[in-house]
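In: quick one: sequence and predicted model below, then my questions.
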Amino acid sequence: MLNSEEKALLLLEKAVVKAKLSIEKQLSFRPFLMMLDTDGNIKSVENKAYTNEESYTLLESSFKGRVNESNIDVALLATADMMPARYSKDKPTPAIRLHLEEKSQLDKKISARFIYVPYSLHRFKNSQEIFAEIGTPIPVGFPAEYLTK
C-alpha cells in the first residue's frame, strides 16, 4: 500500500509523462484531470472543448463535481502554461502546470500546490523527431480549492 507522499508522486509522474508524450507528438497538450482514489485506481479525464481555456474551465467544473461524488485521495489538473517570471531566468519558458491536491494535506495551511515543470523542445541530430527535455519542477503552495474535509 502506498503512503500519501508516494501516491502524490505516482500521480505527478504519470501526468508529466502523459503531457511530455503529447508535447513531443503535437508540440503542446490539452488540459486534463487525473485522480487517484482510495482503492489505488487512477482515472484520467479529458474533453474536446474548442480552446484550452474552455477545456480547463470544464475540467475544473468536473473536478468540483467528482469531489462530491467519489472517494478521491489525490487529484491534479494539468495544463500548458509558462513559468512565472520570478522563476524564469532570461526569457519566457513553457511549462507543464500541475494543480495538485491531496486529502492527506487538508489539515495544513498550505494544502495544495501548483507544480511548474519547465520544458524545452529539441530535435534529434539528423532527424525531424522532436523530444521534450524536462526541467526541475518548482512547487508553489496555496490552500486547497477543491478537496475539502
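Out: Noted; the coordinates are in hand.
In: what is the least confident helix or strand in this structure?
Out: Every helix and strand of the chain was ranked by mean pLDDT, DSSP states H and E. The lowest is helix 52-69, at a mean of 81.
In: that one: what's the following helix or strand?
Out: Sequence order places strand 72-82 as the next helix or strand after helix 52-69, per DSSP states H and E.
In: and the pLDDT for residue 106?
Out: With respect to pLDDT, residue 106 scores 79.
In: please report phi then psi for it.
Out: phi -60, psi -20 (degrees, to the nearest 10).
In: if I look at it, how far off is residue 147?
Out: Separation of residue 106 from residue 147 (C-beta to C-beta, to the nearest Å): 6 Å. Just so you know, the C-beta spots here come from the backbone N, C-alpha and C atoms, and that holds for glycine as well.
In: for the least confident helix or strand of the chain, buried residues please.
Out: 55-56, 58-60, 63, 66-67 (16 or more other C-beta atoms under 10 Å).
In: which among the residues you listed gets closest to residue 18?
Out: residue 59 (13.8 Å; C-beta to C-beta).
In: would you confirm that that closest one contacts residue 33?
Out: Yes - contact criterion C-beta atoms under 8 Å: residue 59 and residue 33 qualify, at 4.7 Å.
In: pull up the overlap in contacts between these two.
Out: Here residue 59 and residue 33 share the contacting residues 45-46, 77, scored by C-beta atoms under 8 Å, 6 or more residues apart in numbering.
In: who wins for most neighbours among those?
Out: Within the shared contacts of residue 59 and residue 33, most neighbours by other C-beta atoms under 10 Å means residue 77, with 24 neighbours.
In: remind me what the least confident helix or strand of the chain packs against, helices and strands.
Out: strand 32-37, strand 42-45, strand 72-82 (3 or more C-beta pairs under 8 Å, 6 or more residues apart in numbering; DSSP states H and E).
In: burial count for residue 109?
Out: Residue 109 has 8 nearby residues by other C-beta under 10 Å.
In: how about the one 10 residues further on?
Out: Residues within reach of residue 119, counting by other C-beta under 10 Å, total 21.
In: partners of the helix or strand it falls within in the sheet?
Out: Assigned by DSSP H and E, residue 119 falls within strand 112-123. Sheet pairing of strand 112-123 (DSSP bridges) gives strand 94-102 (antiparallel), strand 130-134 (antiparallel), strand 138-142 (antiparallel).
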